[in-house]
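Colleague: requesting a structural model of the entry that follows:
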Amino acid sequence: SPPRPPHRAILRRRRLVSLRGWRYIEYAALWFSVWNGDAFVGHWLEEQSGLVESQRIGVMRISLNMASGFEWLGPLYYLVKLDHLLCVPAMLCLFLGLRWLLREPS
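Modeller: Model prediction:
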């Protein structure tokens, strides 16, 4: 069987990208992809790389120790651990897209 076109091509061919609901769902997919990559980097840094060691030292307090020569990873580690700042817009776009699709006549 012939190869299937990418999802974006299917949406364009069926003119679904012109519908607001599908555009929101497309934005949600983009946000979820970025969130997934961010979470992957965060988990890799914390659990697999051996470059970052975090230790809870109190309520709402952690101590970060970076491997020698990798001190610059501290700010990056903090940024990737704020992954919920990417997940919330993804869920909001998904919600808005589904809500618009429910309202549009079929």
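Colleague: which residues in the chain form strands?
Modeller: Applying DSSP state E to the chain gives strands spanning 52-58, 61-66.
Colleague: now those strands as CSV including mean neighbour count and distance to residue 88?
Modeller: Using the backbone N, CA and C atoms, a C-beta is placed for each residue, glycine as well. Below are these laid out as CSV (neighbours: other C-beta atoms under 10 Å; distance: least, C-beta to C-beta, whole Å):
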stretch, mean neighbour count, distance to residue 88
strand 52-58, 11, 23
strand 61-66, 12, 22
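Colleague: can you report how many residues lie near residue 95?
Modeller: 12 (other C-beta atoms under 10 Å).
Colleague: distance to residue 41 and mean pLDDT added to the strands of the chain, as JSON lines?
Modeller: Output for those, formatted as JSON lines (distance: least, C-beta to C-beta, whole Å; pLDDT from 0 to 100):
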{"stretch": "strand 52-58", "distance to residue 41": "11", "mean pLDDT": "84"}
{"stretch": "strand 61-66", "distance to residue 41": "15", "mean pLDDT": "83"}
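Colleague: mind putting the ones you listed into TSV with distance to residue 23?
Modeller: Listed next are these as TSV, based on distance: least, C-beta to C-beta, whole Å:
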stretch	distance to residue 23
strand 52-58	38
strand 61-66	39
